[in-house]
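> next comes the sequence, and after it the predicted model I'd like to discuss.
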Amino acid sequence: MVWVILLFYLVAGLWTLLGFGLIYSGRVPINPAQKAFLARLTVFDQLTTAFLGSVNIAAAVLLFRLRKAAVVLFCAVLALNLVLTAHAMAESNRFEALSRGGSLGMALGLSITIAVVAYAIRLQRLQILY
């Protein structure tokens with residue numbers, strides 16, 4: 001299972017980078033609400049997105065290596081992601097910018113992260129992580 005988690009986070013991270021690259025280069029068309037949303041992103045927003053992605057990958061690598069630190073990183077990323085998402089939704093037109101698929105993707109992503117956190121905690125309780 002740790003292989004699957006590692007591959008998921010590696011693919012998701014690379015997919016996100018590719019997606020942003022294609023959007024910012026103009027190769028992927030986006031609707032006006034999405035354009036407005038991206039135009040309002042601050043340097044802080046972009047840095048936190050990159051930071052969360054990097055920490056997710058680091059946590060997945062640590063989990064693959066069966067390290068206890070993976071639990072701490074995954075929990076921290078989940079908490080920070082929830083706080084930043086709530087803040088972004090309160091401060092912007094994020095609901096307009098997200099299509100139905102985007103909202104579903106966001107919910108699925110949070111669900112996967114919660115499941116991975118639960119799995120990592122279970123491995124820690126079983127003393128599989130060191």
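Arrived safely, thanks for sending.
> which residue comes closest to the residue nearest the centre of the chain once chain neighbours are left out?
Closest to where the C-alpha atoms of the chain average out (Cα atoms, centre = their mean) is G53, at 5.6 Å. Of all residues not flanking G53 in the chain, G13 sits nearest, at 4.9 Å (Cβ to Cβ, 6 or more residues apart in numbering). C-beta: built from backbone N, CA, C; applies to glycine.
> how close does the one you found sit to V117?
17 Å (Cβ to Cβ, to the nearest Å).
> which helix or strand lies directly C-terminal to the helix or strand of the chain with the lowest mean pLDDT?
Least confident helix or strand of the chain, by mean pLDDT, DSSP states H and E, is helix 94-97 with a mean of 53. The element immediately downstream of helix 94-97 (helix or strand, assigned by DSSP states H and E) is helix 100-125.
> next, the buried residues of that following helix.
With burial defined by 16 or more other Cβ atoms under 10 Å, the residues of helix 100-125 counted as buried are 113, 116-117, 119-120, 123-124.
> please name the residues that touch R65.
By Cβ atoms under 8 Å, 6 or more residues apart in numbering, the contact list for R65 is empty.
> what about this structure, any weak spots by pLDDT?
88, 91-103 (pLDDT under 70).
> redo that, cut-off 90
Counting by pLDDT under 90, the chain has low-confidence residues at 13-21, 23-24, 26, 28-50, 53, 81-110.
> helices along that one, start to end?
With DSSP state H as the criterion, the chain has helices at 2-25, 32-40, 43-64, 69-91, 94-97, 100-125.
> just checking, what packs against the third one?
Helices and strands touching helix 43-64, by 3 or more Cβ pairs under 8 Å, 6 or more residues apart in numbering; DSSP states H and E, are helix 2-25, helix 69-91, helix 100-125.
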